[in-house]
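Visitor: model this:
(chains A, B, C and D)
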There are 2 protein chains.
Amino acid sequence: MQLVDLHKFKISCSNCNLAELCLPRGLSNDEMDELDKVVRQTRPLHKGDHLFRSGDPLSSLYAVRSGSIKLYIHSNDGDEQIIGFYLPGEIIGLDGMEHNSHSCSAVALETSSSCTFPYTQLTDVCKKIPALQDQMFRLMGREISYENKLLLTISKKSAEERIATFLSSLSLRFRQLGFSADEFKLSMSRQEIGNYLGLTIETVSRIFSRFQKKEYIAIDRKYIQILDRPSLEGLCKGNSSDSKNSSACS
Amino acid sequence: MQLVDLHKFKISCSNCNLAELCLPRGLSNDEMDELDKVVRQTRPLHKGDHLFRSGDPLSSLYAVRSGSIKLYIHSNDGDEQIIGFYLPGEIIGLDGMEHNSHSCSAVALETSSSCTFPYTQLTDVCKKIPALQDQMFRLMGREISYENKLLLTISKKSAEERIATFLSSLSLRFRQLGFSADEFKLSMSRQEIGNYLGLTIETVSRIFSRFQKKEYIAIDRKYIQILDRPSLEGLCKGNSSDSKNSSACS
DNA sequence: GGCATTTCTTGATTTAGATCATCATTGACG
DNA sequence: CGTCAATGATGATCTAAATCAAGAAATGCC
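Guide: Numbering: from 1, shown residues only, chains lettered A, B, ... in the order given. Predicted coordinates for the structure are as follows:
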């Protein structure tokens, strides 16, 4: 009996403390039970494990449950572009809904776990539960807004502004998850930060050093501390003006 | 009687020659009739007229019917980033679905018209017509994939590659609309092309001249002719490898 | 525990594209 | 039709960030 309850706990949206940030947001208890019927837990991912790869058929959407997942695309001449770093409660795989096949690849940056929503079952539930359809639309709208802001950051901002924006966005998202906003671990390498922001690893490293010298941050390997948030956020003034959305520009 | 028929023709998806590229794609005749009940035609837009502005409540989604519409966001320190140029059959306003308010602004680049889908009515119809929900998901997935590719282009490609990618994408989209793929008019200024691609107007102008010298294109003011498509497309090798999606990277 | 590999930092140099500066066209408008 | 403003082309110069080049530190592996 205990085992059954434990099992149920592990795969249920109703009992998940991320529910309010995640796919089930806005659902009634009855509606969440319907969603619970389709959600599955995937085996834990280790650093470097792929959740899916570009070209795979879209079998499922995924919610990050713990850890962090990087999405990236690659061009046919070998360039790679990281699209985002996804934290618990965030949904990945949405880009695959165009052609029912993934156009990004998703890889774990550290030991991570995710919840799996088999795609056809999920869309069937959406057809039955209007509130879930609304939430899907909201999540996809969020992804589009997020990319709009990232585009602005990469296309119009200096290297310092890009990195300040990246750090304060991560900080905000950690706070929303109930973690410290002032001290956290970067699960991605300097190389990955640079790729994501359209900079080289050397530039990222130099700007981290510069921010440390100015005492905006303290950084030790992957552990970062925000020391002077106002100065850091002053550098992000270029963020999109819609403050409600500012979390998206990670 | 004639007048009534004409009126009906003007606002009906069932009679629209863009239906297969646009929101009603994949709907049966009966389903299209349901969509026809909510679609409205907006008054024509003149060059510079806004369809909506960042911050406006999301009252509707829009399909471009004729002409071309530019979407852009602005940061709170005055930077502006053009997100895309939208042609007939393409849907705009999707980013607003996160918070029920537009986070982009939409402005006509030339005399244009659009079809209006009042948002709450549209989502209600989606709840009744599964095929329409599927199509909405596809369209939003397309927008996400499009932005992924644009991000790659802006972040990783040289100025020449960006412009070659821009031109061949426009060309492809014109062909899909049944227009010439080899001769078309650019409805946007050099300034706007530069803003979109993360380049200055001078760089855009210089690269157009360079492409003309190499006889890749002929350009006269806003009129452009593709002379050497293979060379031009050779420069786009950096496009995302998923060839099905290549149209998105405009 | 020690060696090898990867990741990161920092300095020197280069460069693609930005900025600055004209000038030429084009188009709008009284 | 002529003036004025906006748009575009092109050359000269500058600069932010890339590239090249060592080292240093951390991590993984036997």
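Visitor: Now for the residue nearest to the spatial centre of chain A: which residues touch it?
Guide: Closest residue to the average C-alpha location of chain A: residue A:86 at 1.8 Å, with CA atoms, centre = their mean. The contact partners of residue A:86, by CB atoms under 8 Å, 6 or more residues apart in numbering or on different chains, come to A:64, A:68, A:69, A:70, A:71, A:92, A:106. Quick note: C-beta positions are derived from backbone N, CA and C, even for glycine.
Visitor: same check, this time on residue A:190
Guide: By CB under 8 Å, 6+ apart, the residues touching residue A:190 are A:201, A:204, A:205, A:208.
Visitor: which parts of the lengthiest helix in chain A are buried?
Guide: If you go by DSSP state H, chain A has its longest helix at helix A:130-156. Residues A:132-156 are the ones in helix A:130-156 that count as buried (16 or more other CB atoms under 10 Å in any protein chain shown).
Visitor: Show the overlap between those residues and what lies near chain B.
Guide: Applying CB under 8 Å from any CB of the partner chain to those, one finds that A:133-134, A:136-138, A:140-145, A:147-152, A:154-156 fall near chain B.
Visitor: re earlier: buried ones among the contacts of residue A:190?
Guide: By 16+ other CB under 10 Å, the contacts of residue A:190 give A:204, A:208 as buried.
Visitor: Briefly note if the longest helix of chain A comes near DNA strand D.
Guide: No. Helix A:130-156 stays clear of DNA strand D (CB under 7 Å from any atom of the strand), getting no nearer than 10.3 Å.
Visitor: Any chance you could list what contacts the strand or helix carrying residue A:166?
Guide: If you go by DSSP states H and E, residue A:166 is part of helix A:159-176. Applying CB under 8 Å, 6+ apart, the contact partners of helix A:159-176 are A:21, A:85, A:87, A:153-154, A:157, A:180-182, A:184, A:186, A:193, A:196-199, A:203-204, A:207-208, A:210-211, A:216-217, A:224, A:226, A:229, A:232-233, A:235-236, A:238-239, A:246-250.
Visitor: What about those residues, which are in helices?
Guide: Per DSSP H, the contacts of helix A:159-176 map to helices at A:153-154, A:193, A:196-197, A:203-204, A:207-208, A:210-211, A:229, A:232-233.
Visitor: Just put those in CSV and tack on distance to DNA strand C.
Guide: Listed next are these as CSV, based on distance: CB to the nearest atom of the strand, whole Å:
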residue, distance to DNA strand C
A:153, 15
A:154, 12
A:193, 8
A:196, 13
A:197, 14
A:203, 8
A:204, 7
A:207, 9
A:208, 5
A:210, 8
A:211, 10
A:229, 20
A:232, 17
A:233, 22
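Visitor: Out of the residues you listed, which end up buried?
Guide: Among the ones in helices among the contacts of helix A:159-176, the ones that count as buried by 16+ other CB under 10 Å are A:153, A:154, A:193, A:196, A:197, A:203, A:204, A:207, A:208, A:211, A:232, A:233.
Visitor: Apart from its neighbours in sequence, what residue is nearest the last one?
Guide: In this case it means residue A:233. residue A:168 (5.5 Å; CB to CB, 6 or more residues apart in numbering or on different chains).
Visitor: measure the one you found to residue B:36 for me?
Guide: From residue A:168 across to residue B:36, the span is 47 Å (CB to CB, to the nearest Å).
Visitor: So if I had to pick from the two, which one is more boxed in?
Guide: Using other CB atoms under 10 Å in any protein chain shown, the more surrounded residue of residue A:168 and residue B:36 is residue A:168, with 22 against 16.
Visitor: Can you name the next helix or strand after the helix or strand bottoming out on mean pLDDT in chain A?
Guide: Ranked by mean pLDDT, DSSP states H and E, the weakest helix or strand in chain A is helix A:2-11, scoring a mean of 51. Downstream of helix A:2-11, the next assigned helix or strand under DSSP H and E is helix A:29-38.
Visitor: so does that following helix get close to chain B?
Guide: No. Using CB under 8 Å from any CB, helix A:29-38 stays clear of chain B, with a minimum separation of 13.4 Å.
Visitor: which strands and helices sit next to that helix?
Guide: helix A:119-128, helix A:130-156 (3 or more CB pairs under 8 Å, 6 or more residues apart in numbering or on different chains; DSSP states H and E).
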